[in-house]
Every structure is written in structure tokens, then in C-alpha cells.
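Asker: quick one: sequence and predicted model below, then my questions.
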Amino acid sequence: MSGSTSEKKKSTILIVDDERSVVDTLSAVLSIRGFGVLEAYSGEMAQQVLEQHPRPDLIVLDILLPGVNGLELCQQLKADPELKSVPVLMITVITKDSDVADGFWKIGSGADDFVTKPFDPFMLADRIERLLARSKGTSRSIH
């Protein structure tokens with residue numbers, strides 16, 4: 001894994017979730033792994049963060065947000081020429097006890113990946129690393 005630490009240092013992740021405990025936990029895990037982290041607790045706050053920090057390397061986005069929800073925000077991001085290539089990993093609790101597959105929500109939202117809450121933050125960090133590697137076109141395997 002040559003250069004992985006310097007590669008991570010250059011990667012910034014925007015975490016958008018109205019549950020502060022989710023943001024705090026995921027932020028801590030990603031920071032330990034060397035990522036830069038931006039935080040937002042609503043769709044509107046995420047839009048403000050994106051105005052100040054125009055292009056994160058990946059966005060972790062909850063669906064159930066106050067105001068502009070995650071599905072709407074994801075669709076806006078994917079319609080924006082500057083942001084459409086930024087990978088979006090959606091997280092939510094709404095499919096936890098549902099017969100609706102995660103793939104349905106992924107397709108409907110335009111997200112690049114989808115994870116149901118509750119999740120293990122270290123496993124989610126692994127998925128973020130894989131998604132970043134794929135989006136950067138690297139073939140490096142992450143374990």
C-alpha cells in the first residue's frame with residue numbers, strides 16, 4: 001500500500017447526518033485513517049459547506065435530514081457539473097426492517113453506494129476507501 005497515507009491526507013470526506021453521534025463517530029474513524037473531514041447536520045448546512053469547500057472527494061449522506069432531505073440533495077449534487085463525479089455514499093435507517101433492497105434506494109437516489117444503519121464505522125470506512133479508490137481509477141486492493 002505505497003503512498004496510501006499521503007493519498008488519504010489529500011482526500012476530504014463530507015459527512016452529512018442530523019445525528020451528531022453518527023457524525024462524531026465516523027469523523028473520528030476517518031480522521032484516524034488520515035482523511036480530512038467536513039461535517040454538516042442538515043441538507044442546507046451541507047449546501048453551505050459545499051459553497052465554502054467546493055469539491056470534497058466523497059460525500060457520506062443520510063437520507064432522513066431536516067429540510068432538504070438526502071435524496072433531494074444527492075439528486076442536486078449529481079445534476080451539478082462540478083459535483084456530479086463526486087462519489088456519494090448514502091446511509092439510512094429506513095431500510096433496516098424493510099423488504100425494499102438497498103439497491104432500490106441506490107438507483108433511485110443516484111448514489112454510488114448505499115449502507116443501512118446501524119453500521120460498523122470501521123467497515124463503513126473500508127467501503128469509503130474502496131469507493132474512493134474506484135473513483136480515482138486505482139486498482140489498489142483495500143483490505
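Answerer: Here it is on my side, so go on.
Asker: for the longest helix anywhere in the chain, packing partners?
Answerer: Counting residues, the longest helix found in the chain (DSSP state H) is helix 121-135. In terms of contacts (3 or more CB pairs under 8 Å, 6 or more residues apart in numbering; DSSP states H and E), helix 121-135 is packed against helix 20-32, strand 58-62, strand 88-92, strand 113-116. Every residue, glycine included, has its C-beta placed from N, CA and C.
Asker: for Val86, grab phi and psi.
Answerer: Per-residue torsions, Val86: phi -70, psi 120 (degrees, to the nearest 10).
Asker: from Leu61, how far off is it?
Answerer: Per CB to CB, to the nearest Å, Val86 is found 11 Å from Leu61.
Asker: of these two, who's got more company?
Answerer: Leu61 (26 against 18; other CB atoms under 10 Å).
Asker: low-scoring stretches of this structure, by residue?
Answerer: 1-9, 95-108, 138-143 (pLDDT under 70).
Asker: closest to the centroid, which residue in it?
Answerer: Nearest to the geometric centre of the chain sits Val60, at 1.7 Å (CA atoms, centre = their mean).
Asker: quick revisit: export the helices and strands packed on helix 121-135 to CSV and tack on distance to Met45?
Answerer: Output for the helices and strands packed on helix 121-135, formatted as CSV (distance: least, CB to CB, whole Å):
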stretch, distance to Met45
helix 20-32, 11
strand 58-62, 12
strand 88-92, 16
strand 113-116, 21
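Asker: return the most buried member of those.
Answerer: strand 58-62 (a mean of 26; mean count of other CB atoms under 10 Å).
Asker: ok, and what's touching it?
Answerer: Outside strand 58-62, the residues that touch it by CB atoms under 8 Å, 6 or more residues apart in numbering are 11, 13-19, 22, 26, 46, 70, 73-74, 77, 86-92, 111, 124, 128, 131-132, 135.
Asker: let's see that with 6 Å instead.
Answerer: 13-17, 70, 74, 87-91, 132 (CB atoms under 6 Å, 6 or more residues apart in numbering).
Asker: tally of neighbours for Glu51?
Answerer: The burial count for Glu51: 8, using other CB under 10 Å.
Asker: ok so, going back, which of the contacts of strand 58-62 sits closest to His53?
Answerer: Nearest to His53, judged by CB to CB, of the contacts of strand 58-62 is Leu14 at 7.5 Å.
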